[in-house]
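# Got a predicted structure plus its sequence, pasted below:
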Amino acid sequence: MQNHTTKYPNLKQLELLVWRICQLFFIEIMKRILEDLDAQIAQERDTQRFRMKEKSPTVINSLFGAIPIKRNYYFDQKAHESVYLLDRYLEFEGRNALSPLVEEVALALAINGPSYRKAAETLEKFLGYRVISHEAIRQHLMASEVLQKARETVHSPVLFVEVDGLYIKHQRQSKRGKEEKSLCIHQGWETNGKRVCLKHKRHFVHDGEQPFGKLLRNF
C-alpha cells in the first residue's frame, strides 16, 4: 500500500492559522467601516465651522491587530483649533493609537496579574504582536479615572487584604525610584470544581499623593 507523505497541521497550528486569517478580515472590515464613516462625517459636517485641511494617517492597535487608516483633519473656526471629527464621534483619542478594548484588557491583566511586564507579554502572546509596553500600561493605569463603585454589604466577619508593590525606577540615575502600591480586598473565597474564586473582590491602587494608610482606611 502506498504511504501518504502529506503533512497536515496539528490542532494548535490550525487554530492559530484560522485566528490570523480572522485578524486580517477584521482589520480590512474595520478599515473600510472607519474610512466610510469618516467620509460620511465630511459630507454632513457644518462646512461653515469645520474647514477640511488634509487627510492624516494613523494606526489603531486593536484586539485583532494594527488597523491603518487615513482620516480627515479639520480646522474648527469657532473653537480655533485643529480636530479629527472621526475621533470625536468615536470618543477616541486617535493619537494614542490604542483602542479602548486593548487598553481595558491591558489594565485588567495588570491589575489581576503579577506585574505590568507580564500583562504586556500575555497580550503580545495572545495577539501575535507587541501592542503595548509594560511602561505604557503603567502610565495608562496611573492616568485612568477611578470610578467609585456603590457600597457593598460586608457579609463576612473578616476582610482579607492582599497588598502588593512594584518598584519603579526613574530614568535619571540621580533620582531614586518609588514603589507603587496596590491591593485586593475580598471577603473570602469559594471553590467551583478545581477553580477558586474570591468573593466580593475590590481593587485599590495608591496614587502616591496622600499617605497610603489614610487612603486605604477611607477606601
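That came through fine. Residues are numbered from 1 along each chain as shown.
# Using the record, which stretches count as separate domains in this protein?
Each domain of the chain is listed here as a residue range: 13-97, 102-143, 160-218, per automatic domain parsing.
# Out of the ones you listed, which is closest to K7?
Nearest to K7, of all the domains of the chain, is domain 13-97, at 10.3 Å by C-beta to C-beta. Heads up, the C-betas are built off the backbone N, CA and C, glycines and all.
# Between the two ends of the closest one, how far is it?
30 Å (C-alpha to C-alpha, to the nearest Å).
# average pLDDT for it?
Here domain 13-97 scores 90 as its mean pLDDT.
# Tell me how far that domain lies from the chain's centre.
Distance of domain 13-97 from its chain centroid, counting by C-alpha atoms, centre = their mean, to the nearest Å, is 18 Å.
# How is M52 classified with respect to secondary structure?
Secondary structure for M52, judged by DSSP: H, G, I helix; E, B strand; the rest coil, is strand.
# where exactly do the strands run in the protein?
With strands called from DSSP state E, the chain shows them at 50-62, 65-76, 81-83, 160-168, 178-186, 189-192, 195-198, 202-205.
# and L123, which of those is closest to it?
strand 50-62 (10.0 Å).
# can you give me the angle the closest one makes with strand 65-76?
If you take axes from the mean of the first three to the mean of the last three C-alpha atoms, to 10 degrees, strand 50-62 sits at 160 degrees to strand 65-76.
# Buried residues, strand 50-62. List them.
By neighbour count on 16 or more other C-beta atoms under 10 Å, the buried set for strand 50-62 is 50, 58, 60-62.
# Adding distance to K31, write those out as TSV.
As requested, the buried residues of strand 50-62 are exported to TSV (distance: C-beta to C-beta, whole Å):
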residue	distance to K31
F50	23
T58	11
I60	9
N61	13
S62	10
